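Trainee: Structure for this input, please:
(4 chains)
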Protein chains: 2
Amino acid sequence: MTVERFASPDAATVARVVGDGLREGAVVSIEAECEVEYDGRSGGYLGPGDRLVVCKPDGTLLVHRPSGHKPVNWMPGGATIKLEPGESDEDAPLLYARRSNPNEFLRVYLQDVYSVSRFDAEDAVEYQERGTEAEMHEYIESNPETALEAGIRIVEHERETQYGYLDFFAQDADGTPVVVEVKRRQATLNHFDQLKRYMELYRESNPEVRGMLVAPSTSDRVKRALRDNDMEFVRLAEFDVETREASETTLTDFS
Amino acid sequence: MTVERFASPDAATVARVVGDGLREGAVVSIEAECEVEYDGRSGGYLGPGDRLVVCKPDGTLLVHRPSGHKPVNWMPGGATIKLEPGESDEDAPLLYARRSNPNEFLRVYLQDVYSVSRFDAEDAVEYQERGTEAEMHEYIESNPETALEAGIRIVEHERETQYGYLDFFAQDADGTPVVVEVKRRQATLNHFDQLKRYMELYRESNPEVRGMLVAPSTSDRVKRALRDNDMEFVRLAEFDVETREASETTLTDFS
DNA sequence: GATTTCATGTCGGCA
DNA sequence: TGCCGACGTGAAATC
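Mentor: Prediction:
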(Lines give C-alpha, C1' and ligand atoms only; values in the text may rest on other atoms or scores of the structure.)
Protein backbone atom coordinates (compact mmCIF):
# COMPACT_ATOMS: atom_id res chain seq x y z
CA MET A 1 0.00 0.00 0.00
CA THR A 2 1.40 3.36 -1.02
CA VAL A 3 -0.75 5.59 1.19
CA GLU A 4 -1.57 4.91 4.82
CA ARG A 5 -3.93 7.19 6.59
CA PHE A 6 -4.99 7.59 10.22
CA ALA A 7 -8.09 9.52 11.23
CA SER A 8 -8.12 11.38 14.57
CA PRO A 9 -4.84 9.79 15.67
CA ASP A 10 -3.53 10.11 19.21
CA ALA A 11 -0.20 11.79 19.92
CA ALA A 12 1.70 8.50 19.92
CA THR A 13 0.39 7.54 16.50
CA VAL A 14 1.26 10.94 15.07
CA ALA A 15 4.77 10.64 16.48
CA ARG A 16 5.21 7.18 15.06
CA VAL A 17 3.86 8.01 11.58
CA VAL A 18 5.95 11.18 11.29
CA GLY A 19 9.10 9.62 12.72
CA ASP A 20 8.99 6.35 10.78
CA GLY A 21 7.65 7.97 7.63
CA LEU A 22 10.33 10.60 7.27
CA ARG A 23 13.10 8.20 8.24
CA GLU A 24 11.90 5.77 5.61
CA GLY A 25 11.55 8.36 2.86
CA ALA A 26 7.79 8.95 2.83
CA VAL A 27 5.88 12.22 2.53
CA VAL A 28 3.75 12.86 5.61
CA SER A 29 0.72 15.15 5.42
CA ILE A 30 -1.14 16.32 8.48
CA GLU A 31 -4.49 18.04 8.56
CA ALA A 32 -4.78 19.68 11.93
CA GLU A 33 -5.70 22.60 14.07
CA CYS A 34 -2.37 24.08 15.04
CA GLU A 35 -0.41 27.08 16.24
CA VAL A 36 2.82 28.05 14.53
CA GLU A 37 5.89 29.90 15.64
CA TYR A 38 8.87 30.85 13.51
CA ASP A 39 12.11 32.61 14.21
CA GLY A 40 15.16 33.13 12.06
CA ARG A 41 15.70 35.51 9.17
CA SER A 42 12.33 36.95 10.11
CA GLY A 43 9.99 35.88 12.85
CA GLY A 44 6.32 35.34 13.27
CA TYR A 45 3.43 33.77 15.08
CA LEU A 46 0.23 32.26 13.75
CA GLY A 47 -2.58 31.59 16.20
CA PRO A 48 -4.81 28.53 16.25
CA GLY A 49 -6.48 27.48 13.01
CA ASP A 50 -6.88 24.59 10.56
CA ARG A 51 -3.93 23.97 8.25
CA LEU A 52 -2.40 21.39 6.00
CA VAL A 53 1.12 20.51 7.14
CA VAL A 54 3.41 18.69 4.73
CA CYS A 55 6.68 17.05 5.78
CA LYS A 56 9.08 15.70 3.18
CA PRO A 57 11.92 13.27 3.83
CA ASP A 58 14.49 15.84 2.64
CA GLY A 59 13.64 18.06 5.59
CA THR A 60 11.11 20.30 3.87
CA LEU A 61 8.26 21.44 6.10
CA LEU A 62 5.29 23.39 4.76
CA VAL A 63 2.35 24.90 6.61
CA HIS A 64 -0.49 25.78 4.24
CA ARG A 65 -3.55 27.83 5.10
CA PRO A 66 -6.80 27.29 3.16
CA SER A 67 -5.82 30.02 0.72
CA GLY A 68 -2.73 31.43 -0.87
CA HIS A 69 -0.03 30.09 -3.09
CA LYS A 70 2.78 30.32 -0.57
CA PRO A 71 2.86 28.39 2.70
CA VAL A 72 2.30 30.75 5.64
CA ASN A 73 5.35 29.20 7.29
CA TRP A 74 7.94 26.75 6.04
CA MET A 75 11.37 25.28 6.33
CA PRO A 76 13.31 24.60 3.15
CA GLY A 77 14.92 21.23 2.51
CA GLY A 78 17.85 20.34 4.71
CA ALA A 79 16.17 21.04 8.02
CA THR A 80 15.90 18.47 10.80
CA ILE A 81 12.30 17.61 11.53
CA LYS A 82 11.22 15.84 14.66
CA LEU A 83 7.99 15.33 16.49
CA GLU A 84 7.86 15.56 20.26
CA PRO A 85 4.76 14.04 21.84
CA GLY A 86 3.34 16.38 24.47
CA GLU A 87 4.47 15.90 28.06
CA SER A 88 1.01 15.07 29.23
CA ASP A 89 -2.12 13.96 27.40
CA GLU A 90 -3.36 17.54 27.29
CA ASP A 91 -0.16 18.88 25.74
CA ALA A 92 -0.17 19.31 22.00
CA PRO A 93 2.44 17.27 20.15
CA LEU A 94 5.12 19.59 18.77
CA LEU A 95 6.38 19.29 15.23
CA TYR A 96 9.76 20.98 15.33
CA ALA A 97 12.04 21.82 12.42
CA ARG A 98 15.41 23.46 12.71
CA ARG A 99 18.26 24.30 10.41
CA SER A 100 21.47 26.25 10.56
CA ASN A 101 22.94 28.63 8.02
CA PRO A 102 20.90 30.58 8.53
CA ASN A 103 20.01 29.59 12.03
CA GLU A 104 16.25 29.25 12.25
CA PHE A 105 13.45 27.11 13.51
CA LEU A 106 9.78 26.40 13.06
CA ARG A 107 7.46 25.03 15.73
CA VAL A 108 4.05 23.62 14.91
CA TYR A 109 1.90 22.84 17.92
CA LEU A 110 -0.57 20.21 16.74
CA GLN A 111 -3.53 20.94 18.97
CA ASP A 112 -6.03 18.77 17.17
CA VAL A 113 -4.90 16.34 14.50
CA TYR A 114 -7.82 15.44 12.27
CA SER A 115 -5.85 13.17 10.03
CA VAL A 116 -2.28 12.15 9.25
CA SER A 117 -1.17 10.29 6.18
CA ARG A 118 2.00 8.57 5.10
CA PHE A 119 2.69 8.55 1.37
CA ASP A 120 5.49 6.32 0.09
CA ALA A 121 5.87 8.22 -3.14
CA GLU A 122 8.12 7.03 -5.93
CA ASP A 123 9.01 9.78 -8.30
CA ALA A 124 12.17 9.46 -10.34
CA VAL A 125 11.57 11.18 -13.70
CA GLU A 126 13.04 14.56 -14.45
CA TYR A 127 11.00 17.69 -15.06
CA GLN A 128 11.38 18.93 -18.60
CA GLU A 129 11.25 22.67 -18.95
CA ARG A 130 10.92 24.84 -22.03
CA GLY A 131 11.18 28.57 -22.58
CA THR A 132 14.01 29.44 -20.24
CA GLU A 133 16.52 32.24 -20.60
CA ALA A 134 19.00 29.64 -21.87
CA GLU A 135 16.67 28.96 -24.82
CA MET A 136 16.50 32.67 -25.54
CA HIS A 137 20.29 32.81 -25.56
CA GLU A 138 20.41 29.92 -28.00
CA TYR A 139 17.95 31.69 -30.25
CA ILE A 140 19.98 34.89 -30.26
CA GLU A 141 23.21 33.04 -30.79
CA SER A 142 21.84 31.19 -33.83
CA ASN A 143 19.90 34.15 -35.27
CA PRO A 144 21.70 37.31 -34.17
CA GLU A 145 20.68 39.31 -37.24
CA THR A 146 16.97 38.48 -36.88
CA ALA A 147 16.99 38.91 -33.13
CA LEU A 148 19.20 42.00 -32.79
CA GLU A 149 20.05 43.85 -35.99
CA ALA A 150 21.39 43.35 -39.51
CA GLY A 151 25.11 42.78 -39.77
CA ILE A 152 25.70 42.05 -36.09
CA ARG A 153 28.02 39.22 -35.12
CA ILE A 154 28.33 37.48 -31.74
CA VAL A 155 31.92 37.54 -30.51
CA GLU A 156 31.48 35.94 -27.13
CA HIS A 157 28.76 34.41 -24.97
CA GLU A 158 28.78 34.85 -21.17
CA ARG A 159 31.88 36.99 -21.03
CA GLU A 160 33.29 37.52 -17.59
CA THR A 161 34.21 41.04 -16.52
CA GLN A 162 35.47 42.33 -13.22
CA TYR A 163 31.94 43.50 -12.49
CA GLY A 164 30.17 40.24 -13.32
CA TYR A 165 29.05 38.31 -16.38
CA LEU A 166 27.56 39.91 -19.45
CA ASP A 167 25.33 37.86 -21.73
CA PHE A 168 26.85 38.61 -25.14
CA PHE A 169 29.73 40.58 -26.47
CA ALA A 170 29.13 41.39 -30.15
CA GLN A 171 30.26 43.58 -33.05
CA ASP A 172 27.94 45.52 -35.32
CA ALA A 173 28.24 45.93 -39.10
CA ASP A 174 30.77 48.75 -38.62
CA GLY A 175 32.89 46.70 -36.26
CA THR A 176 31.79 48.69 -33.22
CA PRO A 177 31.66 46.54 -30.07
CA VAL A 178 28.21 45.90 -28.59
CA VAL A 179 27.47 44.83 -25.01
CA VAL A 180 24.24 42.79 -24.93
CA GLU A 181 22.17 42.03 -21.84
CA VAL A 182 19.27 39.61 -22.33
CA LYS A 183 16.14 39.33 -20.18
CA ARG A 184 13.47 36.74 -20.71
CA ARG A 185 10.72 38.91 -19.32
CA GLN A 186 9.94 42.58 -19.13
CA ALA A 187 13.17 44.47 -18.49
CA THR A 188 13.26 46.57 -15.30
CA LEU A 189 15.34 49.46 -14.01
CA ASN A 190 17.56 46.93 -12.25
CA HIS A 191 18.38 45.35 -15.57
CA PHE A 192 19.18 48.78 -16.96
CA ASP A 193 21.50 49.33 -13.99
CA GLN A 194 23.21 46.03 -14.66
CA LEU A 195 23.86 46.83 -18.32
CA LYS A 196 25.06 50.30 -17.42
CA ARG A 197 27.53 48.85 -14.96
CA TYR A 198 29.08 46.73 -17.72
CA MET A 199 28.98 49.60 -20.20
CA GLU A 200 31.02 51.85 -17.96
CA LEU A 201 33.83 49.35 -17.98
CA TYR A 202 34.02 49.31 -21.77
CA ARG A 203 33.35 52.97 -22.36
CA GLU A 204 36.48 53.88 -20.42
CA SER A 205 38.63 52.36 -23.15
CA ASN A 206 36.25 52.89 -26.06
CA PRO A 207 33.55 55.58 -25.89
CA GLU A 208 31.99 54.20 -29.08
CA VAL A 209 30.88 50.92 -27.50
CA ARG A 210 27.12 50.29 -27.75
CA GLY A 211 24.80 48.82 -25.14
CA MET A 212 21.72 46.74 -25.92
CA LEU A 213 19.04 45.60 -23.48
CA VAL A 214 17.15 42.75 -25.14
CA ALA A 215 13.78 41.65 -23.73
CA PRO A 216 10.21 40.88 -24.83
CA SER A 217 9.13 44.26 -23.44
CA THR A 218 9.94 47.06 -21.02
CA SER A 219 8.45 50.18 -19.45
CA ASP A 220 8.73 53.71 -20.82
CA ARG A 221 10.78 54.68 -17.82
CA VAL A 222 13.43 52.10 -18.65
CA LYS A 223 13.40 53.17 -22.30
CA ARG A 224 14.01 56.74 -21.27
CA ALA A 225 16.80 55.76 -18.89
CA LEU A 226 18.42 53.83 -21.74
CA ARG A 227 18.12 56.78 -24.15
CA ASP A 228 19.52 59.17 -21.55
CA ASN A 229 22.57 56.93 -21.30
CA ASP A 230 23.01 56.29 -25.03
CA MET A 231 21.92 52.70 -24.79
CA GLU A 232 19.33 50.82 -26.79
CA PHE A 233 16.29 48.65 -26.20
CA VAL A 234 15.73 45.74 -28.55
CA ARG A 235 12.33 44.09 -28.42
CA LEU A 236 12.30 40.34 -28.91
CA ALA A 237 8.64 39.81 -29.75
CA GLU A 238 9.11 36.09 -30.32
CA PHE A 239 9.38 35.56 -26.57
CA ASP A 240 6.47 37.73 -25.46
CA VAL A 241 4.07 35.56 -23.45
CA GLU A 242 1.21 38.01 -23.80
CA THR A 243 1.22 38.18 -27.56
CA ARG A 244 1.93 34.50 -28.06
CA GLU A 245 -1.32 32.72 -27.22
CA ALA A 246 -0.72 29.91 -24.72
CA SER A 247 -0.24 27.20 -27.31
CA GLU A 248 -2.45 24.18 -26.91
CA THR A 249 0.34 21.67 -26.78
CA THR A 250 -0.51 18.08 -26.09
CA LEU A 251 1.45 15.37 -24.42
CA THR A 252 2.60 14.08 -27.79
CA ASP A 253 4.58 17.28 -28.31
CA PHE A 254 7.04 16.04 -25.75
CA SER A 255 7.61 12.62 -27.22
CA MET B 1 -16.43 15.92 10.49
CA THR B 2 -13.71 18.26 9.30
CA VAL B 3 -11.70 15.83 7.20
CA GLU B 4 -13.19 13.30 4.83
CA ARG B 5 -10.93 10.86 3.11
CA PHE B 6 -11.41 8.33 0.32
CA ALA B 7 -8.92 5.57 -0.36
CA SER B 8 -8.43 4.33 -3.93
CA PRO B 9 -11.43 6.32 -5.20
CA ASP B 10 -12.84 5.84 -8.68
CA ALA B 11 -12.92 8.69 -11.18
CA ALA B 12 -16.48 9.67 -10.28
CA THR B 13 -15.64 9.99 -6.59
CA VAL B 14 -12.55 12.07 -7.33
CA ALA B 15 -14.62 14.37 -9.54
CA ARG B 16 -17.30 14.74 -6.88
CA VAL B 17 -14.89 15.39 -4.01
CA VAL B 18 -12.85 17.93 -5.96
CA GLY B 19 -15.88 19.67 -7.46
CA ASP B 20 -17.98 19.85 -4.31
CA GLY B 21 -15.02 20.50 -2.05
CA LEU B 22 -13.65 23.49 -3.90
CA ARG B 23 -17.09 24.95 -4.50
CA GLU B 24 -17.85 24.66 -0.80
CA GLY B 25 -14.55 26.18 0.33
CA ALA B 26 -12.61 23.08 1.37
CA VAL B 27 -8.97 22.21 0.73
CA VAL B 28 -8.65 19.05 -1.38
CA SER B 29 -5.46 16.99 -1.26
CA ILE B 30 -4.77 14.17 -3.68
CA GLU B 31 -2.05 11.58 -3.41
CA ALA B 32 -1.66 10.07 -6.83
CA GLU B 33 0.46 8.84 -9.64
CA CYS B 34 0.14 11.53 -12.26
CA GLU B 35 1.56 13.22 -15.31
CA VAL B 36 1.76 17.02 -15.46
CA GLU B 37 1.80 19.48 -18.30
CA TYR B 38 2.23 23.23 -18.05
CA ASP B 39 2.23 26.01 -20.56
CA GLY B 40 2.27 29.75 -20.14
CA ARG B 41 5.15 32.05 -19.26
CA SER B 42 7.30 28.97 -19.53
CA GLY B 43 6.31 25.44 -20.35
CA GLY B 44 7.09 22.01 -19.09
CA TYR B 45 6.23 18.38 -18.83
CA LEU B 46 6.61 15.97 -15.93
CA GLY B 47 6.30 12.27 -16.68
CA PRO B 48 4.47 9.74 -14.50
CA GLY B 49 5.32 9.63 -10.80
CA ASP B 50 3.82 9.86 -7.31
CA ARG B 51 2.93 13.36 -6.15
CA LEU B 52 0.89 15.25 -3.63
CA VAL B 53 -1.59 17.56 -5.34
CA VAL B 54 -3.21 20.32 -3.28
CA CYS B 55 -6.22 22.32 -4.48
CA LYS B 56 -7.41 25.34 -2.53
CA PRO B 57 -10.81 27.01 -2.88
CA ASP B 58 -9.16 30.29 -3.99
CA GLY B 59 -7.92 28.59 -7.15
CA THR B 60 -4.46 27.68 -5.95
CA LEU B 61 -3.15 24.39 -7.34
CA LEU B 62 0.11 22.84 -6.15
CA VAL B 63 1.89 19.72 -7.38
CA HIS B 64 4.54 18.56 -4.90
CA ARG B 65 7.18 15.92 -5.53
CA PRO B 66 8.59 13.93 -2.60
CA SER B 67 11.40 16.45 -2.21
CA GLY B 68 11.97 20.13 -2.62
CA HIS B 69 10.50 23.20 -1.06
CA LYS B 70 8.81 24.53 -4.17
CA PRO B 71 6.02 22.72 -6.00
CA VAL B 72 7.27 21.31 -9.30
CA ASN B 73 4.22 22.88 -10.94
CA TRP B 74 1.54 25.18 -9.67
CA MET B 75 -1.15 27.70 -10.37
CA PRO B 76 -1.39 30.75 -8.13
CA GLY B 77 -4.67 31.79 -6.54
CA GLY B 78 -7.28 33.11 -8.94
CA ALA B 79 -7.15 30.23 -11.38
CA THR B 80 -10.19 28.19 -12.36
CA ILE B 81 -9.81 24.57 -11.34
CA LYS B 82 -11.98 21.83 -12.69
CA LEU B 83 -11.82 18.09 -12.82
CA GLU B 84 -12.87 16.25 -15.95
CA PRO B 85 -13.52 12.54 -15.49
CA GLY B 86 -11.89 10.52 -18.26
CA GLU B 87 -13.99 9.73 -21.31
CA SER B 88 -13.76 6.01 -20.73
CA ASP B 89 -12.89 3.99 -17.66
CA GLU B 90 -9.31 3.66 -18.81
CA ASP B 91 -8.83 7.40 -19.26
CA ALA B 92 -7.17 9.23 -16.44
CA PRO B 93 -9.28 11.97 -14.82
CA LEU B 94 -7.85 15.36 -15.73
CA LEU B 95 -7.36 18.07 -13.14
CA TYR B 96 -7.22 21.26 -15.15
CA ALA B 97 -6.40 24.76 -13.95
CA ARG B 98 -6.39 27.84 -16.10
CA ARG B 99 -5.91 31.53 -15.59
CA SER B 100 -5.47 34.59 -17.72
CA ASN B 101 -3.06 37.49 -17.31
CA PRO B 102 -0.82 35.86 -17.96
CA ASN B 103 -2.59 33.26 -20.03
CA GLU B 104 -1.52 29.85 -18.79
CA PHE B 105 -2.76 26.45 -17.83
CA LEU B 106 -1.83 23.37 -15.88
CA ARG B 107 -3.01 19.86 -16.60
CA VAL B 108 -2.66 17.04 -14.10
CA TYR B 109 -3.53 13.62 -15.48
CA LEU B 110 -4.44 11.53 -12.44
CA GLN B 111 -3.46 8.08 -13.60
CA ASP B 112 -3.76 6.35 -10.26
CA VAL B 113 -5.38 8.11 -7.32
CA TYR B 114 -4.27 6.46 -4.09
CA SER B 115 -6.22 8.78 -1.86
CA VAL B 116 -8.21 12.00 -1.96
CA SER B 117 -9.18 14.04 1.05
CA ARG B 118 -11.49 16.94 1.68
CA PHE B 119 -10.52 19.28 4.49
CA ASP B 120 -13.07 21.86 5.62
CA ALA B 121 -10.49 24.08 7.24
CA GLU B 122 -11.43 27.10 9.31
CA ASP B 123 -8.60 29.53 9.65
CA ALA B 124 -9.38 33.13 10.43
CA VAL B 125 -6.54 34.54 12.53
CA GLU B 126 -3.93 36.83 11.05
CA TYR B 127 -0.27 35.98 10.76
CA GLN B 128 1.88 38.24 12.90
CA GLU B 129 5.25 39.00 11.44
CA ARG B 130 8.34 40.56 12.95
CA GLY B 131 11.61 41.70 11.46
CA THR B 132 10.50 43.31 8.22
CA GLU B 133 12.21 46.10 6.36
CA ALA B 134 9.55 48.44 7.69
CA GLU B 135 10.74 47.68 11.24
CA MET B 136 14.29 48.48 10.20
CA HIS B 137 13.13 51.80 8.80
CA GLU B 138 11.35 52.61 12.03
CA TYR B 139 14.49 51.80 13.98
CA ILE B 140 16.63 54.07 11.81
CA GLU B 141 14.09 56.84 11.89
CA SER B 142 13.93 56.81 15.70
CA ASN B 143 17.68 56.25 16.28
CA PRO B 144 19.49 57.79 13.31
CA GLU B 145 22.59 58.62 15.32
CA THR B 146 22.99 55.12 16.74
CA ALA B 147 22.11 53.45 13.49
CA LEU B 148 23.99 55.67 11.02
CA GLU B 149 26.39 58.20 12.52
CA ALA B 150 26.68 60.94 15.14
CA GLY B 151 25.03 64.20 14.20
CA ILE B 152 22.98 62.86 11.31
CA ARG B 153 19.40 64.00 10.91
CA ILE B 154 16.64 62.43 8.83
CA VAL B 155 15.11 64.99 6.47
CA GLU B 156 12.72 62.78 4.56
CA HIS B 157 11.56 59.17 4.49
CA GLU B 158 10.68 57.47 1.17
CA ARG B 159 11.51 60.43 -1.03
CA GLU B 160 10.37 60.13 -4.60
CA THR B 161 12.80 61.00 -7.37
CA GLN B 162 12.46 60.78 -11.12
CA TYR B 163 14.46 57.56 -10.97
CA GLY B 164 12.47 55.87 -8.22
CA TYR B 165 12.08 55.99 -4.44
CA LEU B 166 14.98 56.36 -2.05
CA ASP B 167 14.64 55.18 1.54
CA PHE B 168 15.94 58.21 3.45
CA PHE B 169 17.18 61.65 2.62
CA ALA B 170 19.31 62.98 5.49
CA GLN B 171 21.83 65.65 6.47
CA ASP B 172 25.07 64.98 8.33
CA ALA B 173 26.56 67.09 11.12
CA ASP B 174 28.07 69.49 8.54
CA GLY B 175 24.77 69.92 6.74
CA THR B 176 25.89 67.80 3.77
CA PRO B 177 23.00 65.90 2.21
CA VAL B 178 23.08 62.10 2.55
CA VAL B 179 21.18 59.63 0.38
CA VAL B 180 20.42 56.48 2.39
CA GLU B 181 19.40 53.12 0.95
CA VAL B 182 18.38 50.45 3.46
CA LYS B 183 18.42 46.67 2.96
CA ARG B 184 17.28 44.25 5.61
CA ARG B 185 19.61 41.49 4.47
CA GLN B 186 23.07 41.30 2.98
CA ALA B 187 23.46 44.07 0.43
CA THR B 188 24.28 42.95 -3.13
CA LEU B 189 25.69 44.63 -6.21
CA ASN B 190 22.12 45.28 -7.31
CA HIS B 191 21.55 47.35 -4.22
CA PHE B 192 24.76 49.23 -4.89
CA ASP B 193 23.47 49.93 -8.41
CA GLN B 194 20.22 51.23 -7.02
CA LEU B 195 21.94 53.64 -4.64
CA LYS B 196 24.31 54.76 -7.36
CA ARG B 197 21.38 55.53 -9.63
CA TYR B 198 19.94 57.88 -7.01
CA MET B 199 23.33 59.37 -6.24
CA GLU B 200 23.93 60.42 -9.82
CA LEU B 201 20.81 62.52 -9.72
CA TYR B 202 21.95 64.45 -6.67
CA ARG B 203 25.60 64.70 -7.59
CA GLU B 204 24.73 66.63 -10.72
CA SER B 205 23.59 69.56 -8.63
CA ASN B 206 25.80 68.94 -5.58
CA PRO B 207 29.01 66.90 -5.91
CA GLU B 208 29.35 66.87 -2.11
CA VAL B 209 26.30 64.67 -1.54
CA ARG B 210 27.05 61.44 0.31
CA GLY B 211 25.63 57.97 -0.31
CA MET B 212 25.07 55.34 2.37
CA LEU B 213 24.15 51.71 1.86
CA VAL B 214 22.78 50.41 5.17
CA ALA B 215 22.46 46.66 5.76
CA PRO B 216 23.31 43.98 8.33
CA SER B 217 26.20 42.88 6.09
CA THR B 218 27.62 42.89 2.58
CA SER B 219 30.35 41.33 0.46
CA ASP B 220 33.85 42.75 -0.05
CA ARG B 221 33.02 43.23 -3.71
CA VAL B 222 30.16 45.56 -2.86
CA LYS B 223 32.31 47.40 -0.33
CA ARG B 224 34.93 47.97 -2.99
CA ALA B 225 32.36 49.12 -5.54
CA LEU B 226 31.06 51.60 -2.95
CA ARG B 227 34.56 52.89 -2.18
CA ASP B 228 35.36 53.24 -5.88
CA ASN B 229 32.29 55.43 -6.21
CA ASP B 230 32.80 57.47 -3.04
CA MET B 231 29.92 55.88 -1.26
CA GLU B 232 29.75 54.28 2.17
CA PHE B 233 28.64 51.04 3.75
CA VAL B 234 27.00 51.23 7.17
CA ARG B 235 26.63 47.96 9.04
CA LEU B 236 23.49 47.59 11.13
CA ALA B 237 24.56 44.72 13.37
CA GLU B 238 21.28 44.82 15.29
CA PHE B 239 19.54 43.21 12.35
CA ASP B 240 22.11 40.55 11.55
CA VAL B 241 20.48 37.11 11.72
CA GLU B 242 23.83 35.34 11.89
CA THR B 243 25.20 37.11 14.94
CA ARG B 244 21.89 37.27 16.76
CA GLU B 245 21.29 33.70 17.91
CA ALA B 246 17.83 32.57 16.88
CA SER B 247 16.18 33.89 20.01
CA GLU B 248 14.26 31.36 22.02
CA THR B 249 11.03 33.22 21.98
CA THR B 250 7.99 31.57 23.44
CA LEU B 251 4.38 31.89 22.62
CA THR B 252 3.93 34.35 25.46
CA ASP B 253 6.18 36.85 23.68
CA PHE B 254 3.37 37.53 21.30
CA SER B 255 0.64 38.16 23.85
C1' DG C 1 -4.08 47.31 -14.87
C1' DA C 2 0.81 48.63 -15.07
C1' DT C 3 4.89 49.58 -12.44
C1' DT C 4 7.97 49.15 -8.74
C1' DT C 5 10.01 46.96 -4.85
C1' DC C 6 10.31 43.51 -1.07
C1' DA C 7 10.95 38.59 0.29
C1' DT C 8 12.06 33.94 5.95
C1' DG C 9 12.17 34.65 -1.30
C1' DT C 10 14.24 29.68 -3.50
C1' DC C 11 17.34 27.70 -6.66
C1' DG C 12 21.35 26.82 -9.31
C1' DG C 13 26.05 27.78 -10.91
C1' DC C 14 30.63 28.76 -10.17
C1' DA C 15 34.77 30.32 -7.84
C1' DT D 1 30.97 27.30 1.42
C1' DG D 2 29.84 32.05 -0.14
C1' DC D 3 28.68 35.07 -3.77
C1' DC D 4 25.74 36.21 -7.55
C1' DG D 5 21.89 36.38 -10.67
C1' DA D 6 17.51 34.03 -12.63
C1' DC D 7 12.88 32.84 -11.53
C1' DG D 8 6.60 30.41 -14.66
C1' DT D 9 9.65 34.32 -9.16
C1' DG D 10 4.91 35.78 -5.76
C1' DA D 11 2.75 39.53 -3.17
C1' DA D 12 2.02 44.21 -1.70
C1' DA D 13 1.76 49.02 -2.33
C1' DT D 14 1.32 52.75 -5.36
C1' DC D 15 -0.10 55.13 -9.21
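Trainee: Every contact and neighbour count from this point should use C-alpha atoms.
Mentor: OK.
Trainee: list the contacts for the residue of the stretch 51-200 of chain A found nearest DNA strand C?
Mentor: Taking C-alpha to the nearest atom of the strand, DNA strand C has its nearest neighbour within the stretch 51-200 of chain A at A:Asn73, 3.0 Å off. By C-alpha atoms under 8 Å, 6 or more residues apart in numbering or on different chains, the contact set of A:Asn73 is A:36, A:38, A:62-64, A:106.
Trainee: Bridge partners for it, pull those for me.
Mentor: Residues in a beta bridge with A:Asn73, per DSSP bridges, are A:Val63.
Trainee: quick revisit: could I get the contacts of A:Asn73 as TSV with neighbour count, pLDDT and distance to B:Ser115?
Mentor: Shown next, in TSV, are these (neighbours: other C-alpha atoms under 10 Å in any protein chain shown; pLDDT from 0 to 100; distance: C-alpha to C-alpha, whole Å):
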residue	neighbour count	pLDDT	distance to B:Ser115
A:Val36	23	97	27
A:Tyr38	25	94	31
A:Leu62	23	98	20
A:Val63	22	98	20
A:His64	22	98	19
A:Leu106	26	96	28
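Trainee: Just give me the closest of those residues to B:Arg51.
Mentor: Nearest to B:Arg51 among those, counting by C-alpha to C-alpha, is A:Leu62 at 15.0 Å.
Trainee: how close does the residue of the stretch 51-200 of chain A closest to DNA strand C get to B:His69?
Mentor: Separation of A:Asn73 from B:His69 (C-alpha to C-alpha, to the nearest Å): 11 Å.
Trainee: picking that back up, give me the pLDDT value at the residue of the stretch 51-200 of chain A closest to DNA strand C.
Mentor: Note for A:Asn73: predicted pLDDT of 98.
Trainee: now the helix with the most length in chain A against helix B:189-205, angle please.
Mentor: In chain A, taking DSSP state H as the definition, the longest helix is helix A:189-205. Counting by axes from the mean of the first three to the mean of the last three C-alpha atoms, to 10 degrees, helix A:189-205 lies at 70 degrees to helix B:189-205.
Trainee: Just to be sure, A:Ala12 is in a helix?
Mentor: Yes: the assignment for A:Ala12 is a helix, going by DSSP: H, G, I helix; E, B strand; the rest coil.
Trainee: What is the neighbour count of it?
Mentor: For A:Ala12, the neighbour count with other C-alpha atoms under 10 Å in any protein chain shown is 14.
Trainee: got it, and A:Thr132?
Mentor: Neighbour count of A:Thr132, defined by other C-alpha under 10 Å: 13.
Trainee: and the residue found closest to A:Ala215 once you drop the neighbours it is linked to in the chain, how far is that from B:Arg235?
Mentor: Nearest residue to A:Ala215, sequence neighbours excluded (C-alpha to C-alpha, 6 or more residues apart in numbering or on different chains): A:Lys183, at 4.9 Å. According to C-alpha to C-alpha, A:Lys183 stands 32 Å off from B:Arg235.
Trainee: same deal with A:Val155?
Mentor: Taking C-alpha to C-alpha as the measure, A:Val155 falls 41 Å from B:Arg235.
Trainee: Repeat that for A:Pro48.
Mentor: From A:Pro48 to B:Arg235 the distance is 38 Å (C-alpha to C-alpha).
Trainee: likewise A:Ala32?
Mentor: To B:Arg235, A:Ala32 is 42 Å away according to C-alpha to C-alpha.
Trainee: wait, what's in contact with the residue of the stretch 101-250 of chain A found nearest DNA strand C?
Mentor: Closest residue of the stretch 101-250 of chain A to DNA strand C, C-alpha to the nearest atom of the strand: A:Ser219 (3.9 Å). Shown in contact with A:Ser219 (C-alpha under 8 Å, 6+ apart): A:186-188.
Trainee: Name the nearest of those residues relative to A:Ala173.
Mentor: Nearest member of those to A:Ala173, counting by C-alpha to C-alpha, is A:Ala187, at 25.6 Å.
Trainee: Distance of the closest one relative to A:Val53?
Mentor: 37 Å.
Trainee: Where does pLDDT dip in the stretch 51-200 of chain A?
Mentor: Scanning the stretch 51-200 of chain A for pLDDT under 70 picks out the ranges A:89, A:162-164.
Trainee: where does it come near DNA strand D, residue by residue?
Mentor: Residues of the stretch 51-200 of chain A lying near DNA strand D by C-alpha under 7 Å from any atom of the strand: A:68-70, A:101, A:132-134, A:163-165, A:183-185.
Trainee: Just the buried subset of the residues you listed, written out for PyMOL, thanks.
Mentor: Listed next is the PyMOL selection for buried residues among these, using 16 or more other C-alpha atoms under 10 Å in any protein chain shown:
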select buried, chain A and resi 68+69+70+183+184+185
